[in-house]
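Undergrad: quick one, what's the 3D model for this:
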Amino acid sequence: MTDVHATPDIAERSGTFALGGDLPVHRLGFGAMRIVGEGVWGPPRDRDEALAVLRRAIELGITFIDTADSYGPQISEQLIRDALRPYPDDLVIGTKAGFARTGPGQWHKLGRPEYLKQQVELSLRNLGLERIDLLQLHRIDPEVPLADQLGALVELREEGKIRHIGLSEVTVDELSAARAITPVASVQNQYAPSFRQSEDVLEQCERDGIAFLPWAPVARGEMAGADSPLAAAAAEHGVTPAQLSLAWLLHRSPVMLPIPGTSRVAHLEENTAAAAVRLSEEETERISQFLGV
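TA: As a prediction, this is how the structure comes out:
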């Protein structure tokens, strides 16, 4: 297994991508959904460990953290503030708005302009920021015109409250429609070595230099366990299946910014070590063919 303890800035080895063209980040980031309670609801079981995870992420060289107003709700953003303020100069925090929460595991699309603006104001307060570097529309609300949803974010950008706008769970057509309204810095869709239904969106992002943030990058743990389809290949490389999964994503496309999440420091260190795993083009293609997705 790759050891990260002697290389505190190991995330740097994942390479760099300029979000929105002007915000350089290390490509292997951190997703802050799992630092809250069960069902992405309420406070974490172990607050001290959650804070330690965030601080260790910075020590490991992670410069991009993804969160959302709906994680907790609000608790993930507050933990980030409590753990990391004053923020490192090179840290980029992306958050999201567009869901209402009514309980553990309950998510409701809500894209009314006044709601989106309200949530961005809350995120600014919860994160302790004057401007959010990346604000992603968490989902497109089919009950509200897309122009109205993005129009609210454009207004906030013009007010200096957000820097770049991103999207989540969109099709190629939806991405094109959004880009007719505003520049789009990122797309966050579900994607993993064994779940590649957004291949066409990834390819569009690659053509246009848009960051692609795969959520559930190890397929909600499917790729991580001893029975992972990548277990044998991982053993050949002397790494864990989760590390090989993340390494494959990093090699799959230069616009790929994986954001694996966890609530444990040890798991964070394992994930971040994937930045040091090197795959040839032939090995990357062999893994793609082996999974046969």
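Undergrad: please, where are all the helices along the stretch 1-150 of the chain?
TA: Listed in chain order, the helices found in the stretch 1-150 of the chain under DSSP state H, counting those that start in this stretch are 47-59, 75-84, 113-127, 146-158.
Undergrad: which helices and strands does the second one pack with?
TA: It stands for helix 75-84. Secondary-structure packing of helix 75-84 (3 or more Cβ pairs under 8 Å, 6 or more residues apart in numbering; DSSP states H and E): helix 47-59, helix 113-127. (Each C-beta comes from the backbone N, C-alpha and C, glycine too.)
Undergrad: tabulate those (CSV), appending mean pLDDT.
TA: Shown next, in CSV, are the helices and strands packed on helix 75-84 (pLDDT from 0 to 100):
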stretch, mean pLDDT
helix 47-59, 98
helix 113-127, 98
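Undergrad: which stretch among these comes nearest Ala274?
TA: helix 47-59 (13.7 Å; Cβ to Cβ).
Undergrad: quick check, Arg55 in contact with Leu84.
TA: Yes: under the criterion of Cβ atoms under 8 Å, Arg55 makes contact with Leu84 at 7.1 Å.
Undergrad: which of those two has more neighbours?
TA: Leu84 (19 against 12; other Cβ atoms under 10 Å).
Undergrad: leaving out chain neighbours, which residue sits closest to the more buried one?
TA: Leu54 (5.9 Å; Cβ to Cβ, 6 or more residues apart in numbering).
Undergrad: so who does the one you found touch?
TA: 30, 32, 35, 65, 79-80, 83-84 (Cβ atoms under 8 Å, 6 or more residues apart in numbering).
Undergrad: and Asp66, by the same measure?
TA: Contacts for Asp66 (Cβ under 8 Å, 6+ apart) come out as 29-32, 94-96, 188, 213, 259.
Undergrad: related to what we said a few turns ago, for Glu174, see how far away the residue nearest to Leu84 is.
TA: Distance of Leu54 to Glu174, computed by Cβ to Cβ, to the nearest Å: 32 Å.
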